[in-house]
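Enquirer: Sequence first, predicted coordinates after that:
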Amino acid sequence: MQIIEEITPEKLTLRLSGRFDAHETPQVRQKFTEHAPKNALIDLSGVTFLDSAALSTLVQAMKNCRERGGELTLANMPQPVRIIFELTRLDKAFNIVNAPDAP
Amino acid sequence: MAYSNYQRWKTTPISDTAAPYLSVIIPAYNEAERIVPSIGAIASHICDLGFDWELIIADDGSKDETVALVEGLGLVNARVLKAPKNGGKGSAVKRGMLAARGKYRLFADADNSTPIEEVTRLLAKIDGSQTPRYDIAIGSRAAEGAQESNKSLLRRIFSGGLRMMVKYVLGINVRDTQCGFKLYTAEAAERLHKAQTMMGFSFDLEVLYLAAKYGYKVAEVAVAWVDAPGSKVNPTKEAKRFIKDMAAIKRNDWRGAYAA
């Protein structure tokens, strides 16, 4: 999986592409540990598949952002990812948008 | 890609009189943690292909929440085959293949280690869109062009050793017998899985041995494969079992257990 990172004082943005699974979650966790962002956006437009370890990592990142008074936004879910979120009912838990530059 | 195809498949039953084009069978043992994302990926891709299909989760006596989880998804074209006890992956695949109604029948591992997108190239080998037309198309991590990711050295050695033995002991001219991504015509699936006697890890080997014996044409298709975390394969234990089962296959054949 490829990760492109953008960091501003307001927000951490990660653009992910490829298969997001347990082999890749340490990299994403590390970004959140390193920057401890209040607000973050993860652009999933290039993700082909994500597994339960990836979902768990995203849930933890969302909790960490909320503990700091901010929010994690997931953007541009391709259809397979959207369906995985629906089946796991995590679509109800996350702030999901279709624009990559969402706040 | 049409999300509406998925929504329709999720809520509208396919015909119960006409055979669906494809059945996807996922053998599952304690897969509560991994199976739902795989179902999502499979449903998304197959629905986009635009034909009728059914999903069969062949549970193998799971002790976790696999069955309840899948039944709770509310997918009207998905069935769960329950088993009272764990009988081995081969038993789950056999039950799934024989319960399936599809014109073509794919079994795919629960971890999506071979991405479902690869099914299109397997279908092309057996659906008449390419010549020659095969009866069985198997995903291969050893064929030219295959891509393996995150495979440990131990698993590479394990796979290489088994390939050599399969070729020289059983005379099966297939480089990767164990990839959990195989597609059959309905006729081949029914005949081979009815004759299948092995229920453990070596069932693939027996089925391919039978395929050669009965004269089915097998295409080996290079696929991408990711060593998904949480694999239940114990290489040392399974290598011993595999060698024992190769001998059992030869013995069964000499005794006439596989008579056509």
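Expert: It's in. Numbering: from 1, shown residues only, chains lettered A, B, ... in the order given.

Enquirer: The most centrally placed residue in chain A bridge partners, please.
Expert: Nearest residue to the geometric centre of chain A (C-alpha atoms, centre = their mean): residue A:42, 3.9 Å. Residue A:42 has these beta-bridge partners by DSSP bridges: residue A:14, residue A:74.

Enquirer: Now do the same contact list for residue B:192.
Expert: Listed by C-beta atoms under 8 Å, 6 or more residues apart in numbering or on different chains, the contact set of residue B:192 reads B:184, B:207, B:210, B:211, B:214, B:216. Where C-beta positions appear, they are placed from N, C-alpha and C, glycine not excepted.

Enquirer: about what we covered before: isn't the residue nearest to the centre of chain A right up against residue A:72?
Expert: Yes - with contacts counted by C-beta atoms under 8 Å, residue A:42 reaches residue A:72, the gap being 7.0 Å.

Enquirer: gap between residue B:212 and residue A:82?
Expert: 43 Å (C-beta to C-beta, to the nearest Å).

Enquirer: what about these two, which has more around it?
Expert: Under the neighbour definition other C-beta atoms under 10 Å in any protein chain shown, residue B:212 and residue A:82 were set side by side, and residue A:82 has more, 19 against 15.

Enquirer: Who are the contact partners of the more buried one?
Expert: A:91, B:3.

Enquirer: Tell me the predicted confidence for residue 22.
Expert: I went with chain A, as the question did not name one. pLDDT recorded at residue A:22 is 93.

Enquirer: hmm, I had chain B in mind actually
Expert: Looking at residue B:22, the pLDDT reads 98.

Enquirer: That one - nearest residue in space that isn't next to it in sequence?
Expert: Closest residue to residue B:22 apart from its sequence neighbours, by C-beta to C-beta, 6 or more residues apart in numbering or on different chains: residue B:53 at 4.2 Å.

Enquirer: How about residue B:79?
Expert: Nearest to residue B:79 is residue B:56, by C-beta to C-beta, 6+ apart, at 5.2 Å.

Enquirer: Can you name the residues that contact the residue nearest to the centre of chain A?
Expert: A:13, A:14, A:15, A:16, A:28, A:58, A:61, A:72, A:73, A:74, A:75.

Enquirer: Please confirm that residue B:167 is located within a helix.
Expert: Yes - assessed with DSSP: H, G, I helix; E, B strand; the rest coil, residue B:167 lies in a helix.

Enquirer: how much space is there between the closest residue to it other than its chain neighbours and residue B:214?
Expert: In this structure, residue B:167 finds its nearest non-sequential neighbour in residue B:173, 7.0 Å apart by C-beta to C-beta, 6+ apart. As judged by C-beta to C-beta, residue B:173 and residue B:214 stand 15 Å apart.

Enquirer: Of those two, which one has the most company?
Expert: Under the neighbour definition other C-beta under 10 Å, residue B:173 and residue B:214 were set side by side, and residue B:214 has more, 14 against 11.

Enquirer: ok, so of the contacts of residue B:192, who is nearest residue B:237?
Expert: residue B:207 (21.0 Å; C-beta to C-beta).

Enquirer: What is the neighbour count of residue A:95?
Expert: 14.

Enquirer: follow-up on the earlier one: who wins on neighbours among the contacts of residue B:192?
Expert: residue B:184 leads the contacts of residue B:192 on contacts (other C-beta under 10 Å) with 30 neighbours.

Enquirer: Skipping its backbone neighbours, what lies nearest residue B:6 in space?
Expert: residue B:47 (4.3 Å).

Enquirer: Pull out the buried residues from the helix or strand encompassing that neighbour.
Expert: Here residue B:47 is covered by helix B:35-49, with elements defined by DSSP states H and E. For helix B:35-49, burial by neighbour count (16 or more other C-beta atoms under 10 Å in any protein chain shown) applies to B:35-47.

Enquirer: How about stretch B:117-124?
Expert: B:118, B:119, B:121, B:122, B:123, B:124.

Enquirer: I'm done for today, thanks for sticking with me.
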